[in-house]
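> A predicted structure for the sequence below; I have some questions about it.
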Number of protein chains: 2
Amino acid sequence: MSLKKDFHDYLSRFVNLKEEEISAFYRKATIRKLKKREHFVKAGEHCSNVLFTNSGYLRFYHLSENGNEITSDFYFAPSFITSYTSFITKSQSLVSVQAMQDMEVLEFSREDIYKLYAKYSTVQTIGRMIAEQVAINSERHLFLLLGQSAETRYKELMEKYPQHIQSIPLQYIASYLGITKESLSRIRKSIH
Amino acid sequence: MSLKKDFHDYLSRFVNLKEEEISAFYRKATIRKLKKREHFVKAGEHCSNVLFTNSGYLRFYHLSENGNEITSDFYFAPSFITSYTSFITKSQSLVSVQAMQDMEVLEFSREDIYKLYAKYSTVQTIGRMIAEQVAINSERHLFLLLGQSAETRYKELMEKYPQHIQSIPLQYIASYLGITKESLSRIRKSIH
DNA sequence: TGATTTTTTTAACAATTGTCAAATATATTC
DNA sequence: GAATATATTTGACAATTGTTAAAAAAATCA
């Protein structure tokens, strides 16, 4: 339940940190609350912060050609979250990042993160490992989309993340799978 | 033209390395030749190495539900290349990685890479930055796929990477865009 | 160069998925 | 709990994309 403890435990998944390193990291945090549907980043803005959350999940989305919201990703707690490309390349964010539930988060600035990288090589190891996870996650999503029918994509998602899928409204899952909510609704019907 | 010099130049894009660090890195390399169509990794194998190439490009692909080859990515020189998820998680590779042209490459083992990370923080910085690039690249591909028509996807790809697209056979671009080569052929016709 | 292989195009038809509009169902808020 | 907002389902129809098979074009190799 404690953000600080969960933050500590999460970091420990990656490397063994000395007490000093964890404290130095935690000291850079600003504690902040996000309400359900509140945005952490909006498309077009410049995202220069990283969040850590220990509860709930966030949704990444952008607008399609036709003006529909396309959900491109979900991040479930515990996790670090940022609009990755914007944060790294200091460019405008293509995606909006929205809290799907009320949550309390830690927020870190890019400046502080890079200072920590320079000072503590273990923190940079965490940074590298998180980048690797983001890459792996995107690769998985690409794989899901390329080369299989919508029905197969849905079934595969259900098999791999049954508990997560339950908590996400169908409309968001649909666009994550590259189809409309109407199509997904029909697929679900035809399966049962 | 020299692999060693190109390797050096490429690393220098990321951080300033001391002569000692570059040499230590380069000393771990095995020089190897890949013939056109030769595989660096085949799906199902365990990929425990990283390549560096200074010429040509490689293709990542897997088989679809229907047994078609689906190209999920291209890597153009100069670049580091590996079956990322397999390399990081020590799992079977889902993708095959194939040289599209004759090329000479440097090959590094995972063991050596991690030793370098531990010994030289600048090398780990390179590792982090490459992971970040892979993540950004996948995000860009996901964006291309989600929320726009096949025609728009093709046009966007053409606008952004005209020179690359020229050199890639259409059939591979098609599956990268999530469509068949026949569909892409029709789209090209309708545009001109 | 000529022969062979690979790649791209074309056409007819089938299957999948999207669009629009309305009806239900489910959640949320006061 | 009633009222409001949000989410899901349904149906009719349209548009897009896939499939198959064959022809044409381009690239590769001996």
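Now that the structure is in, tell me what you want to look at.
> Distance from the chain centre to the top helix by length along chain A, please.
In chain A, ranked by residue count with DSSP state H as the criterion, the top helix is helix A:121-145. When distances are taken as CA atoms, centre = their mean, to the nearest Å, helix A:121-145 is centred 11 Å away from the chain's centroid.
> Could you do stretch A:6-22 as well?
In terms of CA atoms, centre = their mean, the gap separating the centre of stretch A:6-22 from the centre of its chain is 20 Å.
> got it, and stretch A:92-106?
The answer for stretch A:92-106 is 8 Å, by CA atoms, centre = their mean.
> how about it as CSV, C-alpha atoms only?
What follows is stretch A:92-106, C-alpha atoms only, in CSV (Å, rounded to 0.1, in the frame of the first residue of the first chain):
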residue,chain,number,x,y,z
GLN,A,92,6.1,16.6,-29.0
SER,A,93,4.3,13.6,-27.8
LEU,A,94,2.3,11.7,-30.4
VAL,A,95,0.2,10.0,-27.7
SER,A,96,-2.0,11.0,-24.8
VAL,A,97,-1.4,9.2,-21.6
GLN,A,98,-4.5,8.9,-19.3
ALA,A,99,-5.0,7.4,-15.9
MET,A,100,-7.8,4.8,-16.0
GLN,A,101,-8.3,4.9,-12.2
ASP,A,102,-7.7,7.3,-9.4
MET,A,103,-4.1,6.8,-8.4
GLU,A,104,-1.2,8.2,-6.5
VAL,A,105,2.1,8.5,-8.3
LEU,A,106,5.7,9.6,-8.0
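> Sketch out the low-pLDDT regions of chain A for me.
A:1 (pLDDT under 70).
> again, only using 90
Low-confidence segments of chain A (pLDDT under 90): A:1-2, A:65-67, A:163-164, A:166-167, A:191-192.
> Would you mind listing the buried residues in the longest helix of chain A?
A:121-139, A:141-145 (16 or more other CB atoms under 10 Å in any protein chain shown). Any C-beta I mention is one placed from the backbone N, CA and C, and that applies to glycine too.
> so after it, what's the next helix or strand?
Note on helix A:121-145: by DSSP states H and E, the next helix or strand toward the C-terminus is helix A:150-160.
> rewinding a little: run through the neighbouring helices and strands of the longest helix of chain A.
If contacts are counted by 3 or more CB pairs under 8 Å, 6 or more residues apart in numbering or on different chains; DSSP states H and E, helix A:121-145 sits against helix A:19-27, strand A:69-76, helix A:110-119, helix A:150-160, strand B:69-76, helix B:84-89, helix B:121-145.
> now those in a markdown table, with distance to DNA strand D?
Below are these laid out as a markdown table (distance: least, CB to the nearest atom of the strand, whole Å):
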| stretch | distance to DNA strand D |
| --- | --- |
| helix A:19-27 | 34 |
| strand A:69-76 | 10 |
| helix A:110-119 | 31 |
| helix A:150-160 | 11 |
| strand B:69-76 | 10 |
| helix B:84-89 | 25 |
| helix B:121-145 | 11 |
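> So which of those is nearest DNA strand C?
Closest to DNA strand C of the helices and strands packed on helix A:121-145 is helix A:150-160 (CB to the nearest atom of the strand; 3.4 Å).
> Put the alpha carbons of that closest one into CSV.
Below are the C-alpha coordinates for helix A:150-160, written out as CSV (Å, rounded to 0.1, in the frame of the first residue of the first chain):
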residue,chain,number,x,y,z
ALA,A,150,-8.7,-10.3,-35.6
GLU,A,151,-10.2,-13.3,-33.9
THR,A,152,-6.8,-14.9,-33.3
ARG,A,153,-5.4,-11.7,-32.0
TYR,A,154,-8.2,-11.4,-29.5
LYS,A,155,-7.9,-15.1,-28.4
GLU,A,156,-4.2,-14.7,-27.9
LEU,A,157,-4.6,-11.6,-25.8
MET,A,158,-7.2,-13.3,-23.7
GLU,A,159,-4.9,-16.3,-23.1
LYS,A,160,-1.9,-14.3,-22.2
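> So which residue is dead centre in chain A?
residue A:75 (3.0 Å; CA atoms, centre = their mean).
> show me the contacts for that one.
A:57-58, A:60, A:81 (CB atoms under 8 Å, 6 or more residues apart in numbering or on different chains).
> Hey, what's the angle from the longest helix of chain A to helix A:19-27? Just curious.
Relative orientation of helix A:121-145 versus helix A:19-27 (axes from the mean of the first three to the mean of the last three CA atoms, to 10 degrees): 60 degrees.
> how close does the residue nearest to the centre of chain A sit to residue A:52?
Distance, residue A:75 to residue A:52, by CB to CB, to the nearest Å: 11 Å.
> swap in residue A:4?
Using CB to CB, residue A:4 is found at 10 Å from residue A:52.
> Of the two, give the one with the bigger neighbour count.
Ranked by neighbour count (other CB atoms under 10 Å in any protein chain shown), residue A:4 and residue A:52 place residue A:52 first, with 21 against 14.
> Residues in a beta bridge with the more buried one, which ones?
The residues listed as beta-bridge partners of residue A:52 by DSSP bridges are residue A:80, residue A:106.
> Close to chain B: what parts of chain A are there?
Applying CB under 8 Å from any CB of the partner chain, we find that chain A lies next to chain B at A:62-65, A:68, A:70, A:72, A:84-85, A:88-89, A:94, A:117, A:121, A:124-125, A:127-128, A:131-132, A:134-136, A:138-143, A:145-149, A:152, A:175, A:178.
> switch the cut-off to 7 Å
Residues of chain A lying close to chain B by CB under 7 Å from any CB of the partner chain are A:62, A:64-65, A:70, A:72, A:84-85, A:88-89, A:94, A:121, A:124-125, A:127-128, A:131-132, A:134-136, A:138-139, A:141-143, A:145-149, A:152, A:175, A:178.
> Let me see the contact set for residue A:29.
A:106-108 (CB atoms under 7 Å, 6 or more residues apart in numbering or on different chains).
> With residue A:120 instead?
So residue A:120 contacts residue A:21 (CB under 7 Å, 6+ apart).
> just residue A:36 next, same as before
For residue A:36, counting by CB under 7 Å, 6+ apart, the contacting residues are A:99-102.
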